[in-house]
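> need a structure here:
(4 chains)
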Amino acid sequence: MAVDIESRTPVEDAEGRTVEELVVNIGPSHPSTHGVCRIIAHIDGEIVTRAEPVIGYLHRGIEKMCENRTYLQIVPLTDRLDYVGSMYANWAYCRAVERLASIRVPERAEYIRVITCELQRIASHMMAIGSSGADTGAFTMFVWAFDVRERVVELFEELCGARLTYSYVRPGGVARDLPDGWTDACRAVVDRLPAKIEEMDRLFFGNTIARGRLKGVGVLSADDAVAWGASGPTARGSGVDWDLRRDDPYSVYPRFDFDIPLGDAGDAYDRGRCRLWEAVESCRIITQALDQIEPGPVHAEGFPRLLAPRQGDAYDRIESARGTLGVFVASDGSTRPYRVKFRSPAFCNLALIGRLAPGHTISDLVVILGSLDPVFGEVDR
Amino acid sequence: MALVDRIGRALTGAPLLLTSVDALVDWSRGQSLWAMPMGTACCAMELIAASFSKFDFDRLGTFPRPDPRHTDVMVVAGTVTRRMAPAIARLYEQMPDPKYVVAMGNCAVSGGIFFYDTYSVVRGIDEFLPVDVYIAGCPPRPESLQDGILQLRELIQTRSIAAGHSHPREMVLPSAGDERAGSVDARERPSVPHVPVRPTDPGGGPE
Amino acid sequence: MNIEELREHLCSRYPLLCPLFSSEFGDGTLTVEPDDLHRAAGDMKELGFSRLDVVTALDRGETFELVYRLESAEIRTGLSLRCSVPRDQPRISSLFDLWPAADWQEREVYDLFGIEFEGHPDLRRILLPDDWVGHLLRKDYVDDRVVKRPDYI
Amino acid sequence: MSGAAGLAWGVAGGLGAGSAIALAALFGVWWERKVSARIQMRFGPQQAGPFGLLQTLADTVKLVLKEDILPSRADPGPFLRAPLVVFVPIAVSLLAVPLSAGWAPLDTSVGALFFLAVPSVSVLGVLVGGWASGNTYATIGGLRGAAQMVSYEVPRTLSVLSMVVLAGSMRPVGMMAAWRWWWLPLTAVAFVVYIVSSIAEMNRGPFDIPEAESELVAGYFADYSGIRWAIFMMSEYGAILAASLFGAAVFLGGSHGVPGVAGFAILLTEAIAIVTLVMWVKWTFPRFRSDQLMALAWKVLTPMALVQLAVVGLVAAWL
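Numbering: from 1, shown residues only, chains lettered A, B, ... in the order given. As a prediction, this is how the structure comes out:
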């Protein structure tokens, strides 16, 4: 609605007549673009013939800013990358720095990281499912899902004082230990969650209209998912059995028993359902982690106030709510990184939209976009 | 209105009728602030949270509508980049008068954490939009946003359309002595229209 | 599969690539010449690296160092493919035909570093507007609109 | 009725219907906000007046005094008149609804047909308003709206036809008087078809694809602001009111023979129940896609209404 474009272009139709193709400009501010994405959709009647995403409306230059910050000062910047799942970017960055500086993280800190990140996965998936519900017009679903997210955010608030930008995971451990009574509160939230999730499953995914809207929309084949670098629930919805938590385990994940939900059709419905059941699996992981966690230090001993790793570069990645979140940190031996690169899963997943949208109606376009779950802080960095 | 006003003034020496109409209009405008959610980044999450179940913006008569033509207040929530600024300015122009702008979060207020070292961020949306209320925080809590909307209401209700009744644009900040300061329950606030006391105006209005 | 097994696996299949393999911080790295990049990448894809995770670059003064990070579901490990291109002539062949995932990734590197990818179907700026001047992750990029952060530390 | 008296009655009726719709919108928006709030674990308006009852008044005063924007790309003539083209037919159709036993403002022998046919004119307003905005979203919304409203005329008319056959009259007052309690189970299918197609007629969720907030921002009225948009909203609530009152009168027996104000109260209670049902549906279901919407109209609702009509015809023949 905001940017003026030439909205009618003459094209030739199948029978060789010159017809006008309607160009609909969606975004950069549109209720269903989940942020500031712009999609230029060429439509024939209601059918999208070409969809071209234009990104960069939230490009804040975080990678450039990192070059003028010390290693610890970068942590708040990573919060603002994926603002729906800040813990992930914290953790991925810290893992890269720890690998670069050869820091060993205490076991309790690893457990806390797992617990917070799995909570974050629940929060993030609730946002994704809720907003894809809102895309199809089921606004109540959004409110219900957001209410679940709110419970998790309350836990985070108790933990680190922030509702959204936590800066909780720091290089060498976590910022502070769990507050008193937090584990009980967490357990109470996690115990109630699966029932709520099942209720939402019935409300939305069990609804005939929603099934009609989501099934068969934006079908992504498994081969395409791998070739185009899709990861996370976007790829798993297509049946790509690849989850870093299990396949290239990091932290203490090998100690937990959990399943990876997989879809088979690769449509918006399967992607949404995958997210929903991943949230249930996250509850399982959190419960196990709360059982196993032992008292101990939460930050590495003898951690320097000003980190200056030796020259070199390191890459590490974790499974975020959106997929493989990688961080590449290069050091020149000084107290500031030489280069920081964030491999954001949303960026790679969003590249698929031009491939998935053609042939669907404009109503489906927003559903497909929602099912890819982009977060533009992360896409544009 | 001018004629009615003149008659009222002739009869009572004050723009009687217009004052009552004025109070109703101000009350309506303050009470019904529909938001254009211009969520660009992180703050958008708190903007959503503010209108959902736990915080419920609708209690205050505010609810988000995505179409600028139907809204009164643009809540700019999040970092505004140079590339995004023209789009926001255009959306602002599409809003019908009277319209207000709330800058939510440090990025919209001043650039915030993205003030230094970055080449693409606008350092505060007041570079291109007339901002009425600034809300600090990174991100501000939903309650802060709601408080910002209440302050905007206060601001609207102390402005006036009646001749000689314009009030200086200044914020009523809650202070320790204000009965508002500690009130958590929004229902305790007076919902009757607050007809403002006219300040001494040397420019001369009718008395 | 750990690094040593990966090295053996690689050396048994592609002996020519073996001397180019090194490991640092627990990561396998294969450093190749720009002209050989496409062939080496094709070999790696045959070896089982079915995913292209990241394409990025570093400004090393005289040269730009390109880093391609490959992932494999079968081998279950990662591998970095590196090569350097001269600063005055930053050109490299695109890997779009091997992994379509390179599409946006290479556009991003082009946008931020100005490295041209030959054979890329649609090489345009992606994060910045089309009329932007300069490539901002280059170390010599200056922009008078930037406010330098005071050096507290 | 003579010409002059008829004209006077018509003007009075029109004004009455207009105010009724305005009142319905005032109350309906508040009620909808409260109902949706409860569904979404919220409170809804609380601050303006008791229970937030004055909230809609504040909204209305504000909207009336908002700037009335004429977009530079719009075609001024149709653009400025379209809201009234939508509003007037709906207001007029309200006149044919029997409000109490034996009384309707416009008591004609073809009242049912009148009620079904006249609001269809508002399709033109939707189509023209959408097109004249010169906005792609509005154009698509207008086209969708036209297709949808024309399609759902068919099952809606067929469902009312069942009642006409049973009652043996097309006069709504007569239909209400002829109503028997055992018609309720017999015509349940027709009632469902009527409600569903009425929701689709008035472009409400889950059939709100012409305005489709998440796709077309606001659809055909995307470029309307201030009072013109308020008229669109009022027509929507007017349509809900008309459809609910007519449904209550014809399918649920209306005032059940009670004349006067008491009868109207009974009718209104039934109508409010239907209104609440309509809102409940809107805030629970996702939105249809346009092709699914058409499929529902032609493949499900129309056959259902036809079968119902056949059954009712047999029963009526046997009576």
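> My guess is residue D:59 contacts residue B:30. True?
No - look at residue D:59 against residue B:30 with CB atoms under 8 Å: they stay out of range, at 11.9 Å. Where you see a C-beta, it was placed from the backbone N, CA and C, and this is true even at glycine.
> measure the residue of chain C found nearest chain A to chain B for me?
Closest approach between chain C and chain A, counting by CB to the nearest CB: residue C:101, at 3.0 Å. Distance of residue C:101 to chain B, computed by CB to the nearest CB, to the nearest Å: 25 Å.
> for residue D:247, same thing?
Residue D:247 is 29 Å from chain B, by CB to the nearest CB.
> for residue C:38, same thing?
33 Å.
> my read: that residue touches residue C:93, true?
Yes - with contact defined as CB under 8 Å, residue C:38 and residue C:93 form a contacting pair (4.5 Å).
> Could you check how many residues crowd around residue A:67?
18 (other CB atoms under 10 Å in any protein chain shown).
> Could I get the contacting residues of residue A:115?
By CB atoms under 8 Å, 6 or more residues apart in numbering or on different chains, the contact list for residue A:115 reads A:186, A:286, A:289, A:290, A:293.
> swap the cut-off to 6 Å and go again
Taking CB atoms under 6 Å, 6 or more residues apart in numbering or on different chains as the contact definition, residue A:115 lies against A:286, A:289.
> now the helices for chain D?
When secondary structure is read from DSSP state H, chain D shows helices at D:3-39, D:55-64, D:76-94, D:111-117, D:122-132, D:136-167, D:172-178, D:183-186, D:188-201, D:213-216, D:226-251, D:260-282, D:290-295, D:302-318.
> Chain C is nearest to which of the ones you listed?
helix D:136-167 (22.9 Å).
> neighbours around the residue lying closest to the residue of chain C closest to chain A once chain neighbours are set aside, how many?
Once flanking residues are discounted, residue C:101 sits nearest to residue A:229: 3.0 Å by CB to CB, 6 or more residues apart in numbering or on different chains. By other CB under 10 Å, 29 other residues sit near residue A:229.
> which residues touch residue A:229?
For residue A:229, the contacting residues are A:348, C:52, C:101, by CB under 6 Å, 6+ apart.
> if I've got this straight, the first one is in a helix?
Yes - with the criterion set as DSSP: H, G, I helix; E, B strand; the rest coil, the secondary structure at residue A:348 is a helix.
> Pull the contacting residues for it.
Taking CB under 6 Å, 6+ apart, we find residue A:348 in contact with residue A:229.
> Kindly provide the distance from residue A:198 to residue A:286.
Separation of residue A:198 from residue A:286 (CB to CB, to the nearest Å): 17 Å.
> Ok, residue A:252 next?
Distance of residue A:252 to residue A:286, given as CB to CB: 12 Å.
> Repeat that for residue B:84.
Computed as CB to CB, the residue B:84 to residue A:286 distance reads 37 Å.
> more crowded one of those two?
residue B:84 (28 against 25).
> Report pLDDT for the residue nearest to that one when sequence neighbours are not counted.
Distances taken as CB to CB, 6+ apart place residue A:57 nearest to residue B:84, at 4.6 Å, with adjacent residues excluded. Note on residue A:57: pLDDT of 86.
> all strands for the stretch 201-350 of chain A, in order.
Secondary structure of the stretch 201-350 of chain A by DSSP state E, counting those that start in this stretch: the strands cover A:312-319, A:324-331, A:337-343.
> Actually, chain C.
C:21-24, C:27-31, C:51-60, C:63-71, C:78-86, C:91-93, C:116-118 (DSSP state E).
> right, so of those strands, which gets closest to chain D?
strand C:51-60 (32.7 Å).
> Just confirm yes or no for the closest one near chain A.
Yes - using CB under 6 Å from any CB of the partner chain, strand C:51-60 reaches chain A at C:51, C:52, C:54, C:56, C:58.
> any idea which of the residues you listed is closest to residue D:42?
Comparing these against residue D:42 with CB to CB places residue C:54 closest, at 43.3 Å.
> my guess is that closest one meets residue C:70, correct?
No - using CB atoms under 6 Å as the test, residue C:54 is too far from residue C:70 to be in contact (9.1 Å).
> Which residues are in contact with the residue positioned nearest the centre of chain A?
By CA atoms, centre = their mean, chain A has its centre lying nearest to residue A:322, at 3.1 Å. Each residue near residue A:322 by CB under 6 Å, 6+ apart is listed here: A:232, A:345, A:346, A:373.
> Can you give me the neighbour number for the residue lying closest to it once chain neighbours are set aside?
Leaving aside its chain neighbours, residue A:322 sits nearest to residue A:345 (4.2 Å; criterion: CB to CB, 6+ apart). Using other CB under 10 Å, residue A:345 has 33 other residues around it.
> List the residues that contact residue A:345.
Contacts of residue A:345 by CB under 6 Å, 6+ apart are A:231, A:232, A:322, A:323, A:324, A:325.
> Pick out whichever of those sits closest to residue A:63.
If you rank the contacts of residue A:345 by distance to residue A:63 using CB to CB, residue A:325 comes first, at 14.3 Å.
> right, and that closest one touches residue A:86 too?
No - taking contacts as CB under 6 Å, residue A:325 lies outside contact range of residue A:86: 11.4 Å.
> Mind pulling the model confidence for the nearest residue to residue C:70 once chain neighbours are set aside?
Nearest residue to residue C:70 in three dimensions, chain neighbours excluded: residue C:49, at 3.9 Å (CB to CB, 6+ apart). In the predicted model, residue C:49 carries a pLDDT score of 82.
> Relative to residue C:84, how far out is residue C:49?
21 Å.
> More neighbours: which of these two?
Between residue C:49 and residue C:84, residue C:49 has the larger neighbour count (other CB under 10 Å), namely 25 against 18.
> Just to check, that one is in contact with residue C:72?
Yes - if you go by CB under 6 Å, residue C:49 and residue C:72 touch, sitting 4.5 Å apart.
> For residue A:266, which residues are in contact?
Residues in contact with residue A:266 (CB under 6 Å, 6+ apart) are A:219, A:220, A:237, A:238.
> count of residues packed around the nearest residue to it once chain neighbours are set aside?
Leaving aside its chain neighbours, residue A:266 sits nearest to residue A:238 (3.4 Å; criterion: CB to CB, 6+ apart). A count of nearby residues for residue A:238, using other CB under 10 Å, gives 25.
> For chain C, see how far away residue A:238 is.
For residue A:238 relative to chain C (CB to the nearest CB), the value is 13 Å.
> residue contacts, that residue?
By CB under 6 Å, 6+ apart, the residues touching residue A:238 are A:220, A:222, A:225, A:266.
> Looking at those residues, which one is closest to chain B?
If you rank the contacts of residue A:238 by distance to chain B using CB to the nearest CB, residue A:220 comes first, at 26.8 Å.
> Can you pull the phi/psi pair for the closest one?
phi -120, psi 120 (degrees, to the nearest 10).
> How about it: what's its closest non-neighbour residue?
Counting by CB to CB, 6+ apart, the nearest residue to residue A:220 once its immediate chain neighbours are dropped is residue A:266, at 4.4 Å.
> picking that back up, could you dump the strands of the stretch 201-350 of chain A into TSV and include distance to chain B, mean pLDDT and mean neighbour count?
Formatted as TSV, these follow (distance: least, CB to the nearest CB, whole Å; pLDDT from 0 to 100; neighbours: other CB atoms under 10 Å in any protein chain shown):
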stretch	distance to chain B	mean pLDDT	mean neighbour count
strand A:312-319	20	86	24
strand A:324-331	17	88	26
strand A:337-343	13	89	25
